[in-house]
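> no sequence on this one, just coordinates:
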């Protein structure tokens, strides 16, 4: 009788443990994907800002050269 109870309890713990691992894996994937999306968005925003500043600076320099 005691062995049956132990086997049942171990089986239940194993099933719960496996489902917890799957949940942790899924959560980790979600965090990773979200981090990648945010980092990409920041990188693209920074790139676009630098390009815009570069273009504006080039226009100002060209205007200064034309005035001379």
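Great, that's in hand. Because the structure is a prediction, the values reported are computed rather than measured. Residues are numbered from 1 along each chain as shown.

> per-residue confidence for residue 40?
What the model reports as pLDDT for residue 40 is 97.

> name the element it belongs to?
Under the criterion of DSSP states H and E, residue 40 resides in helix 2-67.

> now the most centrally placed residue in the chain: how far from residue 47?
In the chain, the centroid-proximal residue (CA atoms, centre = their mean) is residue 35; its distance is 1.5 Å. As defined by CB to CB, to the nearest Å, residue 35 lies at a distance of 18 Å from residue 47. In this view, the C-beta of every residue, glycine as well, is placed from N, C-alpha and C.

> where in this protein is pLDDT low?
1, 68 (pLDDT under 70).

> switch the cut-off to 80
For the chain, the stretches with pLDDT under 80 are 1, 14-22, 67-68.

> count of residues packed around residue 60?
10 (other CB atoms under 10 Å).

> tell me the contacts of it?
If you count contacts by CB atoms under 8 Å, 6 or more residues apart in numbering, residue 60 has none.

> counting neighbours, what do you get for residue 32?
By the criterion of other CB under 10 Å, residue 32 has 10 neighbours.

> likewise for residue 3?
Residues near residue 3, counting by other CB under 10 Å, number 7.

> now swap in residue 46 and tell me
10.

> OK, contacts around it?
Residue 46 touches nothing, counting by CB under 8 Å, 6+ apart.

> just the one 10 residues further on next, same as before
For residue 56, no contacting residues are found, by CB under 8 Å, 6+ apart.

> please shift the residue numbers so they start at 4 in all later answers.
From this message on, residue numbering opens at 4, which makes the last subject residue 59.

> against residue 6, how distant is it?
Residue 59 is 79 Å from residue 6, by CB to CB.

> do the same with residue 35
Residue 35 sits 43 Å away from residue 6, going by CB to CB.
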